[in-house]
Every structure is written in structure tokens, then in C-alpha cells.
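Build me a model:
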Amino acid sequence: MSSTIIENPGTGNDILDSALRPKKWQDYVGQEKIKDNLKIILTAAKQRDQSPDHLLFYGNSGLGKTTLAHLVALEMGKQIRITTGPAIERAGDLAAILTNLQEGDVLFLDEIHRMHKSVEEYIYPAMEDYKLNLILGKGPMARTMELKLPRFTLIGATTRPGLLSTPLRNRFGATFQLNFYKPEDIEKIVEKSAQILQIQIDAEAIKIIAKRSRFTPRVANRLLKRARDFAQVKNQGIITKEIAEQSLHSLEVDRMGLEPGDIKILMALIEKFDGGPVGLQSLAAAAMEEEDTILDIYEPYLMQCGLIERTPKGRIASRLAYEHLGLKYKKAQNNLL
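This is a model prediction of the structure:
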């Protein structure tokens, strides 16, 4: 049985999220093709008595990249060590982590695209030859020290695969993209989470929470926990349809799962740029948001819902966006789309 070693201990919410994380393959709902491919990779590695190839998971935040890494470690019966790209600032930090791994362990590196470029050069031989070449000293007195490492599996996770350098990306044996979940899969996740948290919830309430969860398990669990709080205070702990709608209305989550930040982006696009097209930099300035925030958090879901279209000239608000906000759609937008 594997255990978990975490570089940066989390808060109570992290512990609760960990309790909701599936511990077996059959409990992991959705992403069927990825699970099937991973099972083949891991089964073949066990038959050869080798560590699996290095793996790269990418996709939006909250889709299950960390959970998959845990399941890989569990399947192989090895430990998993968890850290993040920004936490590894120097080659010495990387050496401390890698030299403490045991044979066959899994190293999960979240936000791998934010790893320092100076450190990235050191990880190449570690991934390929399981060696770490450190430079000691400076100038004429500098020398290279080679450290042999145990065979391990590096699992990288990123929301921005385009920011990974080509040499690093090519060193992963398999790359998997996690997509948004189907509504029926989200409903299963909400139901399972409610059972784990020992929450009484109606079938209609499950559908309401799932529909507004942005097709993302982490969001679904967050909304479920907030609905639980409302139910505990106002309805003896039972989440009914009315309690679910009341809690989501209080959280300003509308019927499509849009939150105030999403509405702000859409309104800026429609009111200040006449529905577009507009470039990312201009939209970010008008909405008073960081460009990366729009790219990573808001835009993927708005595009998934068909509220924003991306054209060669920039972003455009769709007819559905106007209708959802109760605004009159301008026919001129049809030509742009």
C-alpha cells in the first residue's frame, strides 16, 4: 500500500478535499479513455517489473490531475511525493527531492510550467538517465558531481501546456489532456461526495448542483459543501431542491454556473467593445483582470458554454451571451461569427 509525502502541508479544506478524492480506479468517474490508457501503461510496467514512463497531465484546474497521480502511485504500490514547480527554485532543491526518492516512487510536480528555467536543465538527465549532474563551485575551480538516482516516475501537471519547453515536453512518455466532464458524470460525483460526507440530498438538488458546477468535479464538491452549510443551518441538514437553489443564489452562481467574475468579463466585452472583436490585453484592462486569469479561469468555461467565440480578430460575445444576460443581440455580430 502506498503512502503520501507532501512537501507543503495543506489546510483543513485540503484535508477534506483529499477525503473526497477517489481511492480506487472504479471510484474515479469520467475520463474513460485516459483511465484505459493509463491502466495499460501501468499493467505493462508491472509485468516488466519497471517504473512506468514519465507522464504529463494537462487541462483546466479541478479536473482530476492530482487524483490520477495518486491512483498511479496506488496502482504501482509506491509512495508519491508532491511538490510544485514554483517551489523548486534552485538545483539544490531538486537534488534534495530526487535523492530522497525510493526505487519506483512517483514524483508529482504540479504547475510544472512554472518551474524555474535554471532548474529545468537539471531535470533532463534525471528523467532520461536517472542521474543528476550538479556543478560545484564557480570559475576555474568549478567541478561537476554526478549523483545516481533511483528509477522513478515523474508526473507533471499543468493548465498551460504551451508554456512548457519542447525539450521538457518531449521527455514525457505519454501526455493526456483532461476534458470537462459530462453532466451525468458530475451528478455521479456529487452523489458519491454526498455519501462520503454523510449528507442527505435529494435527486433534484444533485441535478441543480451538477448543472452549475462548470463541468468540474472540484467546483461541484465546493458547491456541495456550501449547500451542506445552508442545509445544516436552515433545514436540519437535508439538501432539498429549494435549499440548493437558495445556497447557489446566495453564492451568486446563476443557472449556467456563471459567477460574478464571468459576468464581469461578458459585460465588459458587450458594453465596452460592442460585443467584440477585442484582443485579450484590451479585454483584461477593461474588466480589471489579469490576462492569465482570463485565459486559465474564465475563458475555457465561457467558450465551453458557447458564450464567447474566438476569431482571428479577437474575442466576440455570442448570441447566447446576449440572451443569457437579457440583452438585445445585434445582427451585425452574425457576420463576425
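
how is the protein carved up into domains?
4-177, 183-250, 260-336 (automatic domain parsing).

Kindly indicate whether the most centrally placed residue in the chain is helix, strand or coil.
Computing the C-alpha centroid of the chain and ranking residues by C-alpha atoms, centre = their mean puts Ser61 first, at 2.5 Å. Secondary structure, DSSP: H, G, I helix; E, B strand; the rest coil: Ser61 is coil.

check contacts around the residue nearest to it when sequence neighbours are not counted.
In space, and not counting its chain neighbours, Ser61 is closest to Thr159: 5.7 Å by C-beta to C-beta, 6 or more residues apart in numbering. Backbone N, C-alpha and C define where each C-beta goes, glycine included. Neighbour list for Thr159: 58-61, 111, 113, 296 [criterion: C-beta atoms under 8 Å, 6 or more residues apart in numbering].

Can you tell me which of these is nearest Trp25?
Taking C-beta to C-beta as the measure, Trp25 sits nearest to Gly59 out of the contacts of Thr159, at 18.5 Å.

What does that closest one show for phi and psi?
Note on Gly59: its backbone torsions stand at phi 160, psi 180 [degrees, to the nearest 10].

Roughly how far does the closest residue to Arg255 other than its chain neighbours sit from Val29?
By the measure of C-beta to C-beta, 6+ apart, the closest residue to Arg255 outside its immediate chain neighbours is Arg212, 6.8 Å from it. Applying C-beta to C-beta, to the nearest Å, the value for Arg212 to Val29 is 18 Å.

Now do the SS call for Gly156.
Of the three states, Gly156 takes strand under three-state DSSP.

With adjacent residues omitted, what lies nearest to Thr240?
Asp202 (5.2 Å).

Of all the residues in the helix or strand Glu191 falls within, which ones are buried?
Taking DSSP states H and E as the criterion, the element that holds Glu191 is helix 183-196. Neighbour counts over helix 183-196 (16 or more other C-beta atoms under 10 Å) mark 185-194 as buried.

Can you name every helix or strand that it contacts?
If you count contacts as 3 or more C-beta pairs under 8 Å, 6 or more residues apart in numbering; DSSP states H and E, helix 183-196 packs onto helix 12-20, strand 200-201, helix 203-211, helix 217-234.

So for Thr144, which of those sits nearest?
Distance to Thr144, taken as C-beta to C-beta, is lowest for helix 12-20 among those, at 39.2 Å.

Tell me the predicted confidence for Ile135.
At Ile135, the model reports a pLDDT of 67.

The one 5 residues further on too?
Reading off the per-residue confidence, Pro140 sits at a pLDDT of 65.

Check what pLDDT the residue nearest to the centre of the chain gets.
86.

so it sits right up against Arg214, yeah?
No: when contacts are counted by C-beta atoms under 8 Å, Ser61 is not listed as touching Arg214 (10.4 Å).

So the spatially closest residue to Asn100 that is not a sequence neighbour, which state does it fall into?
Distance criterion C-beta to C-beta, 6+ apart; nearest residue to Asn100, sequence neighbours excluded, is Arg81 at 7.6 Å. Look at Arg81: counting by three-state DSSP, its state is strand.

Quickly list what Arg81 is bridged to.
Each beta-bridge partner of Arg81 is listed here: Ile5, Leu107, as defined by DSSP bridges.

Okay, it and Tyr130: tell me how far apart.
Distance, Arg81 to Tyr130, using C-beta to C-beta: 15 Å.

the more surrounded of those two?
When neighbours are counted by other C-beta atoms under 10 Å, Arg81 and Tyr130 differ, and Arg81 comes out ahead with 20 against 16.

can you tell me how far the more buried one sits from Ala87?
To Ala87, Arg81 is 12 Å away according to C-beta to C-beta.

May I have the helix holding Glu191 as CSV, with CA atoms only?
This file holds the C-alpha atoms of helix 183-196, laid out as CSV (Å, rounded to 0.1, in the frame of the first residue of the first chain):
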residue,chain,number,x,y,z
PRO,A,183,-23.3,16.4,-16.8
GLU,A,184,-24.2,12.8,-15.9
ASP,A,185,-20.7,12.2,-14.6
ILE,A,186,-20.8,15.3,-12.4
GLU,A,187,-24.1,14.1,-11.0
LYS,A,188,-22.4,10.8,-10.0
ILE,A,189,-19.6,12.7,-8.4
VAL,A,190,-21.9,14.9,-6.4
GLU,A,191,-23.8,11.8,-5.2
LYS,A,192,-20.6,10.0,-4.2
SER,A,193,-19.3,13.0,-2.4
ALA,A,194,-22.6,13.4,-0.5
GLN,A,195,-22.3,9.8,0.6
ILE,A,196,-18.7,10.3,1.8
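
Could you list the low-pLDDT ranges of the stretch 101-250 of the chain?
Low-confidence segments of the stretch 101-250 of the chain (pLDDT under 70): 135-143.

Please report how far Gly326 lies from His249.
Distance, Gly326 to His249, using C-beta to C-beta: 17 Å.
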